[in-house]
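> everything below, folded, please.
(chains A and B)
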Amino acid sequence: MKKHIFILTIFFSVLSVMNAQETGMAFIKEGSFIPLYGAVSKNPVAIKSFYMDIYPVNNSQFLKFVQKNPSYRKSKIKGIFADKSYLSYWKSDLDFGNAKRNSPVTSVSWFAAKKYCECQGKRLATMDEWEYAAMADTKKIDARTKKEFNEYILSWYEKSRTYENEIGKTFKNYWGIYDMHGLVWEWTSDFNSIFLSGESRKDKSTDKNLFCGSASVNATDLMDYAAFMRYASRGSLKAHYSTRNLGFRCASTTKPKSNLN
Amino acid sequence: MKKITIAFLALSLSFYSCKDSDKKESKAKTKKEISDLSIYNLPSKWTNQDGKDIELKSLRGNVLVMVMIYTSCKSACPRLVADMRDIESKLEKKTRQHVKLILVSIDPNTDTPERLKSFAIENKMNQDPWIFLRSSEENTREFAAVLAVNYKQISPIDFSHSNIISVFNPEGELVFQQEGLGVSNEKTIETINLEAAKL
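The predicted structure follows:
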């Protein structure tokens, strides 16, 4: 046991030295909120404190990842982990072409995003964590009822090709993170816990035959159209899909190590 | 102390899981190649109802019929289990030896191997070709992603989940999915017989 503690002590002293360096993550303090979707009988969902990347992962960071992990290059990735449009805008395996190095990497599948975060000693944020961090504007933890805030998000939905912009050009929110709105959509670890499908044809969220217990999860507030769009989009995703406006960032439950980039 | 140990474990695990893929890759080259679309590319480890650890890969060479359930489910799951049993009963005789019917838990915290075992016995499914599997929450989420099964915990004992029965060929490629409860399983059975006949 003593030995155990000894090893841990060394491990954590190394960690704290590394922590002095820029970690690229912000601390998101615990709290609770009622998400648009997924809350049971409108009870608030409790979020434990966690850390979140300040910016979405960019092209040059992802390039480093595929350099180290050949099986995630566009010519190598297995069909079960990514569809044909994986990194489609990259010129070749190790060249992101005309895209800016500081633009968010997109056209990555959930598997690739998940693996990237694992390799950083991190993970993807859960959907609830993501929504919790994303409801903040520059001043308030929960700005969802503010008219300007929703207008900002909705006006972004109407803009095209924002994925070509560089990271960090939208507003810095209460927690110190950028680009939750206005740049790209982002993967979450449990995106597949949604019971809305994008296609109205298949939209049977209250059909008991397709979804057991579906009647007990409902949108708490359909007026929150901005969030509704996000949930609907997640509901239409599959893990191997990769699309041009969908990127990701990582999160961590524990204090992050130094940025491995 | 416990927290620290967990954090330490989580970190070392994440390092491990990162390096894992490279190792797997070199291994795959020496063995017969696993197809690109095969679930046998998933490195996840599973435990069956006998508490035995198995890798999905060990099931290679069988036609797999898979469904995701949780044993405390009262509404759709019993019907899903019944649908699985119905499929099994209608398989051609010569098909049976090549088929495994697998029930994967979406509630690994509750569904311990013991629990799965008693569920198997209760439902008279504690013998070949039935297999019950559970893994970590993360592996389960990933596996569901592959099957396009969505699920969400909606209370400590209840989940919402898609009702999908999936058929995999002997190479682990998804070849058919039956969606919904109590739907016609004719096409499902036909696919299973067809795939098994190739063996």
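> the bottom helix or strand of the chain by mean pLDDT?
Unless you meant another one, I'm taking chain A. For chain A, using mean pLDDT, DSSP states H and E, the weakest element among its helices and strands is strand A:211-212, scoring a mean of 44.
> mind listing the strands for chain A?
If DSSP state E is used as the criterion, the strands of chain A fall at A:25-28, A:31-33, A:45-47, A:50-53, A:123-124, A:185-186, A:211-212, A:246-247, A:250-252.
> and for chain B?
Using DSSP E, strands in chain B cover B:45-48, B:53-55, B:63-69, B:99-105, B:130-134, B:151-155, B:158-162, B:164-168, B:174-179.
> deepest-packed of those strands, please.
Stretch with highest mean neighbour count among the strands of chain B: strand B:63-69 (a mean of 25; mean count of other C-beta atoms under 10 Å in any protein chain shown). The way it works is simple: take the backbone N, C-alpha and C, and place the C-beta from them, glycine included.
> direction included, what does it pair against?
Within its sheet, strand B:63-69 is paired with strand B:99-105 (parallel), strand B:164-168 (antiparallel), according to DSSP bridges.
> that strand: how far from the chain's middle?
5 Å (C-alpha atoms, centre = their mean, to the nearest Å).
> what mean pLDDT does it get?
For strand B:63-69, mean pLDDT rounds to 95.
> mind checking the end-to-end distance for stretch A:123-140?
Stretch A:123-140 stretches 26 Å from its first residue to its last (C-alpha to C-alpha, to the nearest Å).
> buried stuff in it?
Buried residues in stretch A:123-140, counted by 16 or more other C-beta atoms under 10 Å in any protein chain shown: A:123-137.
> quick check, nearest of these to chain B?
Chain B has its nearest neighbour among the buried residues of stretch A:123-140 in A:R123, at 7.8 Å by C-beta to the nearest C-beta.
> returning to what we had before: present the strands of chain B as TSV; the columns should include distance to B:E186.
Listed next are the strands of chain B as TSV, based on distance: least, C-beta to C-beta, whole Å:
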stretch	distance to B:E186
strand B:45-48	30
strand B:53-55	31
strand B:63-69	14
strand B:99-105	16
strand B:130-134	22
strand B:151-155	27
strand B:158-162	21
strand B:164-168	13
strand B:174-179	10
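> just to revisit the earlier point, which ones among the buried residues of stretch A:123-140 map onto helices?
If you go by DSSP state H, the buried residues of stretch A:123-140 have A:M127, A:D128, A:E129, A:W130, A:E131, A:Y132, A:A133, A:A134 in helices.
> nearest to B:M84, out of the strands of chain A?
strand A:211-212 (14.8 Å; C-beta to C-beta).
> assess the claim that B:L133 and B:W46 are in contact.
Yes - proximity of B:L133 to B:W46 meets the contact threshold set by C-beta atoms under 8 Å, at 4.4 Å.
> OK, contacts around B:T110?
Contacts here follow C-beta atoms under 8 Å, 6 or more residues apart in numbering or on different chains; on that basis B:T110 touches B:Y70, B:T71, B:S72, B:I157.
> for chain B, just list every one of the helices.
Under DSSP H, chain B gives helices at B:2-30, B:76-89, B:93-96, B:113-122, B:137-147, B:186-197.
> so where do the helices sit in chain A?
A:2-19, A:59-68, A:110-119, A:127-134, A:147-158, A:225-235.
> any stretches of chain B with poor pLDDT?
Low-confidence segments of chain B, defined by pLDDT under 70, span residues B:1-31.
> find the residue at the geometric middle of it.
Residue closest to the average C-alpha location in chain B (C-alpha atoms, centre = their mean): B:V104, at 4.3 Å.
> domain parsing of chain B, as residue ranges.
Segmentation of chain B into domains, based on automatic domain parsing, reads B:1-31, B:32-197.
> looking at those domains, which is buried most?
Taking mean count of other C-beta under 10 Å, domain B:32-197 is the most buried of those, at a mean of 18.
> start and end of that one, how far apart?
22 Å.
> rewinding a little: now the common contact residues for B:L133 and B:W46.
Listed as contacting both B:L133 and B:W46 by C-beta under 8 Å, 6+ apart are B:I54, B:V104.
> follow-up on the earlier one: looking at the strands of chain B, which is nearest to A:A226?
strand B:151-155 (21.2 Å).
> how about that closest one and chain A, any contact?
Yes - applying C-beta under 8 Å from any C-beta of the partner chain, one finds strand B:151-155 touching chain A at B:Y151, B:K152, B:I154, B:S155.
> on that earlier part again, what's the most distant pair in the contacts of B:T110?
Counting by C-beta to C-beta, the most remote pair of the contacts of B:T110 is B:T71 and B:I157, 10.4 Å apart.
> quick revisit: including distance to A:S109, could the strands paired with strand B:63-69 go into a markdown table?
Shown next, in a markdown table, are the strands paired with strand B:63-69 (distance: least, C-beta to C-beta, whole Å):
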| stretch | distance to A:S109 |
| --- | --- |
| strand B:99-105 | 22 |
| strand B:164-168 | 19 |
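> which one of those lies closest to B:A76?
So among the strands paired with strand B:63-69, strand B:164-168 is nearest, using C-beta to C-beta, at 11.1 Å.
> the closest one: how far from the chain's middle?
How far strand B:164-168 lies from its chain's middle: 9 Å, per C-alpha atoms, centre = their mean.
> can you tell me what sits against it?
B:39, B:63-68, B:80, B:83-84, B:87, B:147-149, B:174-179, B:185, B:188, B:191-192, B:195.
> tabulate the helices of chain A (CSV), appending distance to chain B.
Output for the helices of chain A, formatted as CSV (distance: least, C-beta to the nearest C-beta, whole Å):
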stretch, distance to chain B
helix A:2-19, 6
helix A:59-68, 9
helix A:110-119, 4
helix A:127-134, 9
helix A:147-158, 24
helix A:225-235, 8
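> of all these, which one is nearest A:F248?
helix A:110-119 (4.0 Å).
> also compute the angle for the closest one relative to helix B:137-147, please.
In terms of direction (axes from the mean of the first three to the mean of the last three C-alpha atoms, to 10 degrees), helix A:110-119 departs from helix B:137-147 by 160 degrees.
> who touches helix A:110-119?
Contacts to helix A:110-119, defined as C-beta under 8 Å, 6+ apart, come from residues A:57, A:62, A:65, A:68-69, A:72, A:77, A:81-82, A:86, A:108, A:123-124, A:187, A:189, A:191, A:237, A:239-242, A:248, A:250-251, A:260, B:14, B:17-18, B:21, B:142, B:145.
> which pLDDT does the model give A:K100?
97.
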